[in-house]
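K.L.:
Fold the following.
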Amino acid sequence: MILHDIETESRDFIEELQLDRLKQTVERVFNHVPFYRKKFLESNIAPEDVNSLNDIQKLPFTVKADLREHYPFGLFAVDKKEIVRLHASSGTSGKPTVVGYTRNDIKMWSNLIARAISIGGGEPGQTLHNAYGYGLFTGGLGLHYGSEQLGMATVPVSGGNTDRQIMLIQDFKPEVICGTPSYILNLAEKMEERGMDTANTSLKYGIFGAEPWSEEMRKTLEAKLGIKACDIYGLSEVLGPGVAMECHESQDGLHIAEDHFYAEVIDPIKMTPLTDGEEGELVFTSLTKEAFPVIRYRTGDIASLSKEKCVCGRTTLRMSRVKGRIDDMLNVNGVNVFPSEIERCILQMPELSPHYHIQVYNNGSLKVLELHAEWSEEFYRDMGEAEHVRKKIQEAVKQNCFINIGLVLHPPKTLPRSEGKAVRIVNPAVKNAVI
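P.N.:
Purely as a prediction, here's the structure:
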């Protein structure tokens with residue numbers, strides 16, 4: 001096990017380092033980012049007003065709309081000549097959010113990813129199969145540079161082309177695989193279709209992220225591939241992957257890189273701070289980024305924080321696994337539901353495969369959810385208990401999520417498979433349903 005010094009330091013040391021770096025970041029954005037300077041002045045705040053970590057609550061929040069409003073480079077804190085890389089979101093709902101990196105930012109990010117991979121079980125001299133997408137998305141290149149920094153042979157296979165991925169896993173014998181959990185599940189199923197013993201490959205560890213995934217999904221992936229599956233967290237606006245990483249020893253919360261980020265959890269409605277253990281919206285302030293520092297960025301992700309020391313020996317703050325995104329939360333006639341909560345129910349049903357999506361309809365003044373799921377191949381061979389299973393699934397969702405849900409069950413392997421991030425909420429109707 002590789003432990004970096006900062007990961008086992010006292011809370012006093014960590015917080016003293018954070019305060020020093022917070023002051024530098026506030027000074028940087030005040031002097032070099034007109035957006036933040038204006039926000040600070042409007043709130044009657046100056047850099048010298050930040051004298052403790054609690055003073056961060058005086059600072060304004062940053063939201064994704066601010067990034068889009070200042071597209072493409074309006075929030076950069078350095079001259080364009082100092083930028084060595086740009087990443088951006090897909091921009092499917094408007095202008096993309098653009099982030100930049102200096103040479104030092106790339107070095108820092110690579111070191112953080114190397115640290116994250118080692119937390120998840122990777123070691124120098126091993127091989128890492130990187131199935132995250134390359135390009136403007138931060139996942140592929142982020143894991144790539146970190147893997148090389150750690151001293152691993154890195155396979156830059158990217159997403160898709162599943163048959164080729166299977167061949168490379170067989171031939172290159174990687175110990176670590178990275179990707180979205182939904183795509184790695186698709187990969188495992190394709191391996192099973194070929195008659196491969198998926199639990200007896202060279203793979204030992206999986207580093208999965210970029211989408212919320214349940215404990216039941218973890219158990220499914222671990223059983224299929226014979227690995228330990230760990231969660232990695234990040235978002236491009238804050239850095240990319242590597243903001244936090246789950247350790248393979250306990251798999252109980254993600255260790256935040258506190259030497260580079262200050263984390264808060266707030267009530268997303270009142271925008272007030274919540275205490276350790278309370279579930280709310282994650283907020284991050286970068287502490288070391290040069291090109292694109294962010295102050296109190298509202299991530300939209302729902303989680304909680306804990307300062308309890310981990311069994312792995314690390315003392316850094318841990319965040320719970322993300323329950324879901326505020327954007328993905330469905331309010332069904334007054335009840336808030338995340339797709340991951342429905343996923344948890346599905347994956348507990350041996351009669352179903354792990355693939356699903358949800359359609360949302362309005363029925364007058366009421367909102368109706370319709371769950372589209374697949375029968376497992378084993379159960380589909382004998383459908384004598386179909387109606388009983390249907391009622392069991394609907395009752396499980398009702399008991400766990402407190403809503404009634406429509407249910408459309410499909411033959412095995414008929415729902416779309418993920419080639420990257422899974423799409424859980426869809427609009428188009430799916431044909432060939434078995435009702």
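K.L.:
only C-alpha atoms for contact and neighbour calcs from this point on.
P.N.:
Fine.
K.L.:
who does the longest strand along the chain pair up with?
P.N.:
Ranked by residue count and defined by DSSP state E, the top strand of the chain is strand 352-363. Sheet pairing here is set by DSSP bridges, and for strand 352-363 it gives strand 366-375 (antiparallel), strand 425-426 (parallel).
K.L.:
need the contact list for residue 32.
P.N.:
Going by C-alpha atoms under 8 Å, 6 or more residues apart in numbering, residue 32 touches 76-78.
K.L.:
which other residues reach stretch 333-345?
P.N.:
Residues contacting stretch 333-345 (C-alpha under 8 Å, 6+ apart): 212-217, 323-325, 328-331, 354, 356, 358, 366-367, 393, 396-397, 400-403, 424.
K.L.:
Next step: the contacts of residue 32 restricted to helices.
P.N.:
With helices defined by DSSP state H, no entry of the contacts of residue 32 lies inside them.
K.L.:
Tell me the most packed of these, by neighbour count.
P.N.:
residue 76 (24 neighbours; other C-alpha atoms under 10 Å).
K.L.:
just checking, it touches residue 31?
P.N.:
No - in this structure, residue 76 is not within contact of residue 31 by C-alpha atoms under 8 Å, at 11.5 Å.
K.L.:
which neighbours do those two share?
P.N.:
With C-alpha under 8 Å, 6+ apart, residue 76 and residue 31 have no common neighbours.
K.L.:
Just the C-alphas of the longest helix along the chain, formatted as CSV.
P.N.:
Scanning the chain for the helix with the most residues, using DSSP H, yields helix 11-32. Extracted C-alpha coordinates of helix 11-32, given in CSV (Å, rounded to 0.1, in the frame of the first residue of the first chain):
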residue,chain,number,x,y,z
ARG,A,11,-6.4,17.4,11.0
ASP,A,12,-4.6,20.5,12.3
PHE,A,13,-1.8,20.2,9.7
ILE,A,14,-4.3,19.6,6.9
GLU,A,15,-6.5,22.6,7.8
GLU,A,16,-3.5,24.9,8.3
LEU,A,17,-2.3,24.0,4.8
GLN,A,18,-5.8,24.5,3.3
LEU,A,19,-6.1,27.9,4.9
ASP,A,20,-2.7,29.0,3.5
ARG,A,21,-3.6,27.8,0.0
LEU,A,22,-7.2,29.3,0.3
LYS,A,23,-5.7,32.7,0.9
GLN,A,24,-3.5,32.4,-2.1
THR,A,25,-6.4,31.3,-4.3
VAL,A,26,-8.7,34.1,-3.1
GLU,A,27,-5.9,36.6,-3.9
ARG,A,28,-5.4,35.1,-7.3
VAL,A,29,-9.0,35.3,-8.4
PHE,A,30,-9.5,38.7,-6.9
ASN,A,31,-6.5,40.1,-8.9
HIS,A,32,-6.9,38.1,-12.1
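K.L.:
Rounded mean pLDDT for that helix, please.
P.N.:
Helix 11-32 shows a mean pLDDT of 98.
K.L.:
Now find how far off-centre that helix is within its chain.
P.N.:
Once both centres are worked out by C-alpha atoms, centre = their mean, to the nearest Å, helix 11-32 turns out to sit 25 Å from its chain's centre.
K.L.:
same check, this time on stretch 391-401
P.N.:
27 Å.
K.L.:
what stretches of the protein score poorly on pLDDT?
P.N.:
By pLDDT under 70, the low-scoring segments of the chain are 1-3, 90-94, 365, 383-384, 427-435.
K.L.:
which SS class is residue 183?
P.N.:
What DSSP: H, G, I helix; E, B strand; the rest coil gives for residue 183 is helix.
K.L.:
Then residue 207?
P.N.:
strand.
K.L.:
quick one, what contacts it?
P.N.:
Contact partners of residue 207, counting by C-alpha under 8 Å, 6+ apart, are 117, 120, 176-179, 229-232.
K.L.:
dump the residue contacts of the closest residue to residue 305 other than its chain neighbours.
P.N.:
Nearest non-adjacent residue to residue 305, counting by C-alpha to C-alpha, 6 or more residues apart in numbering: residue 319, 4.4 Å away. Residue 319 is in contact with 244, 253-256, 303-306, counting by C-alpha under 8 Å, 6+ apart.
K.L.:
With residue 155 instead?
P.N.:
127-130.
K.L.:
picking that back up, looking at the contacts of residue 207, which are in helices?
P.N.:
residue 117.
K.L.:
Make a markdown table out of the contacts of residue 207 and add distance to residue 25 and neighbour count.
P.N.:
Formatted as a markdown table, the contacts of residue 207 follow (distance: C-alpha to C-alpha, whole Å; neighbours: other C-alpha atoms under 10 Å):
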| residue | distance to residue 25 | neighbour count |
| --- | --- | --- |
| 117 | 27 | 30 |
| 120 | 29 | 26 |
| 176 | 35 | 26 |
| 177 | 35 | 23 |
| 178 | 32 | 26 |
| 179 | 32 | 27 |
| 229 | 35 | 29 |
| 230 | 31 | 27 |
| 231 | 28 | 28 |
| 232 | 25 | 29 |
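K.L.:
From the contacts of residue 207, pick the one nearest residue 186.
P.N.:
residue 179 (11.0 Å; C-alpha to C-alpha).
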